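Participant: Predicted model follows, preceded by the sequence.
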Amino acid sequence: MNESPVIELSGVCTRFGSQTIHCDLDLQVAAGQIVGLLGGSGSGKTTLLREMLGLLRPSAGRVRLFGVDLDDPDLLIQRTVRRRLGMLFQHGALFSALSVFDNIAFPLRELRCLDEDWIRRLVHLKLAMVELETAHGKLMPAELSGGMVKRVALARALALEPELLLLDEPTAGLDPDRSQNFVELVGSLQQALGLTVLMVTHDLNTLAGLATHVAVLAEQRIIAFGPKDQVMTVDHPFVTGFFGADRRKLL
Amino acid sequence: MNAIPCLRVEPGRVVLTGSWTLATMLPHLADLQNRLAVPLPAGEHWDLSGLTRLDSAAAVLLWRTWGNAWPEALEIGELHRQVLGRAADLPREMPAAVKHAFHPLESVGRLLLKAAHNLRGVIALFGQVLLDLAYLFRHPADFPRKEFAANVYKAGAQALPVSALVGFLIGVTISYLSALQLKSFGADLFIVNILGIAIIRELGPVLVAVLVAGRSGSAMTAQIGVMRVTEEIDALSTMGISRSIRVVLPKILGLTAAMPLLVLWISAVALLGGMLAAMLQLDLSLNYFIENLPRAVPVANLFIGLGKGLCFGLVIAVVACHFGLRVKPNTESLSANTTSAVVTAITMVILVDAVFAIFTRQIGVPQL
């Protein structure tokens, strides 16, 4: 069971009407990798992420997480797989009717196994992890700043101690200091828990600080995937254009 | 990696092995908690060096077991010690969530204050609309023609099929039920009076108002509400475009203009339904019905019906827009305000209808 890659996409095609987003796309992410998914605007990065989450079914091809096909009809298997991953949405996607505390406690309560004291401690632990104070737990999502929304969303994504963390633009909207902290936080979590992380990002600093591997999405498929320094040297107009003069900084 | 969490109590020491994470602990949670809950002699030696993984859920569990203090002897890898350290750094006293006790008097007062607040809001919105109208009177070029037309179309034209269906069925029902009674008195011919007065004066406007409040009122609240949630309203203001002239006013004017027309339409269709039912039930010819309708129902009733439609449209739109503007940027508030808008609009319509009934009691009643 451990040998199967955490994420496995094979022959994925996505079409919206007559528009083709992905065509015969393959990607395999092994456990413990931190993969940065790069691609131009509109190249279908978020769509790909949604397919990995099972929110969107590809027109053709297969998506497997932890070796389980996301089309598996067994609801229990589906639920177990989803409990093993955490997702940070681009705009947080916090439940606006619940306070910060309840947002983070929500997935824990849904397990129906933990007592309230345990949940309270865990929530405060997660809040501390993302550098929020106990008092912030009472706030409603509408009262938070953009950066705080992101950190609460990360805390919620981490609540179930996922093995796979999917991040959509995790550091967009954070100041450089905070995004550096974020990078350190995810890095240390990765070390401690052996997380697998897949992130969509445009921020070169985040990429440089965090990613071990880079996947480049262009021309409707993954044109390059491998360790960061190898991908950097790929001779493709998108890759050279993206890294441009910053190529040295990343190495 | 997915080894199950193991707890072994050896003489003088407790050994934890395997992977202690939330996911792996869940199937054995009750058992593990029971075994950890057994009071261990003080000064126990904890051996955690055999752990493969330790996450914060497990760390919190252990920390609680240890009574919020480090055990006297602990063997643990550096990485896992950090995880435990995070759990240890938490303040010991967790502030519990504040719960508001329910107090009947307080909640009644709160309700009254809310009602007063809403009433004030509705009046303020109405005043704003009047001011906008005065402004548009002086600057006719600024009149939001397209939005107005779109609203008349959405609230009026698109409501024609559903209101026709409802009107027709109500007409048939009333005619059928009245005919049963009238037949036993031999007063068949009065079906014209009953249907005419009831539908034109009362049922037509109220039926349309209830339909429109549910159909267009809720849509208006939801639309303005979502525009607030997505900051579109703010975007309008930053472009120097008045939200009340562009968003609120066309809705209010559009519905106010469309309602009398809908009343006319639904009354006509309901009368048609009533006529058909009367023809089948009482053998009353359509010709007789149509010839006698103007005699039985003075034309004042039609104007009262249309006037009611106008007022109901205004009330529904103002209430809907008021609640739409009150939406806070969260989903809960959106649903609560949409519900309030529909409920308040229908209640207000019935209230206004009662006021109409009192003030028009001497107008349009046929003298026999």
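Facilitator: The structure has been received and is ready for your questions. Numbers count the residues shown, from 1 in each chain, chains lettered A, B, ... in the order given.
Participant: Okay, buried residues for stretch A:59-66 please.
Facilitator: Going by neighbour count (16 or more other Cβ atoms under 10 Å in any protein chain shown), the buried part of stretch A:59-66 is A:61, A:63-66. Any C-beta I mention is one placed from the backbone N, CA and C, and that applies to glycine too.
Participant: Which strand or helix spans A:Ile21?
Facilitator: Under the criterion of DSSP states H and E, A:Ile21 resides in strand A:19-29.
Participant: so where is the stretch 151-251 of chain A shaky, pLDDT-wise?
Facilitator: A:244-251 (pLDDT under 70).
Participant: residues in contact with whichever residue of it sits closest to chain B?
Facilitator: The stretch 151-251 of chain A approaches chain B most closely through A:Glu161 (4.2 Å), counting by Cβ to the nearest Cβ. Under the criterion of Cβ atoms under 8 Å, 6 or more residues apart in numbering or on different chains, the contact partners of A:Glu161 comprise A:193, B:21-23, B:55-57.
Participant: I'd like to know how far it sits from B:Leu189.
Facilitator: 81 Å (Cβ to Cβ, to the nearest Å).
Participant: Any residues of chain B in contact with chain A? List them.
Facilitator: Residues of chain B found near chain A, taking Cβ under 8 Å from any Cβ of the partner chain as the criterion, are B:1-2, B:21-23, B:26, B:29, B:53-57, B:59-61, B:63-64, B:79-80, B:82-83, B:86-87, B:89-91, B:94-97, B:328-332.
Participant: Would you mind listing what in the stretch 1-150 of chain A touches chain B?
Facilitator: Those residues of the stretch 1-150 of chain A that sit near chain B, judged by Cβ under 8 Å from any Cβ, are A:1-2, A:31, A:83-84, A:95-97, A:101, A:111, A:113-114, A:117-118, A:120-122, A:124-126, A:128-129, A:134, A:140-142.
Participant: for the stretch 151-251 of chain A, that is, sorry about that
Facilitator: Counting by Cβ under 8 Å from any Cβ, the stretch 151-251 of chain A sits next to chain B at A:160-161, A:163, A:188, A:191-194.
Participant: that older thread, what is the nearest of the contacts of A:Glu161 to A:Ala172?
Facilitator: Closest approach between those and A:Ala172, by Cβ to Cβ: A:Leu193, at 24.3 Å.
Participant: For the nearest residue to the closest one once chain neighbours are set aside, list the residues it contacts.
Facilitator: Distance criterion Cβ to Cβ, 6 or more residues apart in numbering or on different chains; nearest residue to A:Leu193, sequence neighbours excluded, is B:Asp55 at 5.7 Å. Listed by Cβ under 8 Å, 6+ apart, the contact partners of B:Asp55 are A:161, A:192-193, B:20-22, B:83.
Participant: rerun that using 7 Å as the cut-off
Facilitator: The neighbourhood of B:Asp55, defined by Cβ atoms under 7 Å, 6 or more residues apart in numbering or on different chains, consists of A:161, A:193, B:21-22, B:83.
Participant: got the residues you listed as CSV, with secondary structure and distance to B:Ile170 columns?
Facilitator: As requested, those are exported to CSV (DSSP: H, G, I helix; E, B strand; the rest coil; distance: Cβ to Cβ, whole Å):
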residue, secondary structure, distance to B:Ile170
A:Glu161, coil, 60
A:Leu193, helix, 65
B:Thr21, coil, 63
B:Leu22, helix, 59
B:Val83, helix, 69
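Participant: Just flag the most distant two among those residues.
Facilitator: The largest distance within the contacts of B:Asp55, taken as Cβ to Cβ, falls between B:Leu22 and B:Val83 and amounts to 12.6 Å.
Participant: These two - which one has more neighbours?
Facilitator: It is B:Val83, of B:Leu22 and B:Val83, that has more neighbours when counted by other Cβ atoms under 10 Å in any protein chain shown, with 26 against 23.
Participant: shouldn't the more buried one be in contact with A:Ala192?
Facilitator: Yes. Checked against Cβ atoms under 7 Å, the pair B:Val83 and A:Ala192 is within contact range at 5.6 Å.
Participant: still on that earlier bit, buried only: go through the residues of chain B next to chain A for me.
Facilitator: Buried by 16+ other Cβ under 10 Å: B:21-23, B:53-57, B:59-61, B:63-64, B:80, B:83, B:86-87, B:90, B:328-330, out of those.
Participant: so where do the strands sit in the chain?
Facilitator: Since you didn't name a chain, this refers to chain A. A:7-16, A:19-29, A:34-39, A:60-65, A:68-69, A:85-88, A:164-168, A:196-200, A:213-218, A:221-227 (DSSP state E).
Participant: Chain B is the one I meant
Facilitator: Listed from the start of the chain, chain B has strands (DSSP E) covering B:6-10, B:13-20, B:45-54, B:73-75.
Participant: got JSON lines for those strands, with mean pLDDT too?
Facilitator: As requested, those are arranged in JSON lines below (pLDDT from 0 to 100):
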{"stretch": "strand B:6-10", "mean pLDDT": "76"}
{"stretch": "strand B:13-20", "mean pLDDT": "79"}
{"stretch": "strand B:45-54", "mean pLDDT": "78"}
{"stretch": "strand B:73-75", "mean pLDDT": "77"}
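Participant: wait, which of the ones you listed is closest to B:Gln128?
Facilitator: Within these, the stretch nearest B:Gln128 is strand B:45-54; the backing value is 61.0 Å (Cβ to Cβ).
Participant: from the chain's centre, how far out does that closest one sit?
Facilitator: What separates the centre of strand B:45-54 from the centre of its chain is 54 Å, taken as Cα atoms, centre = their mean, to the nearest Å.
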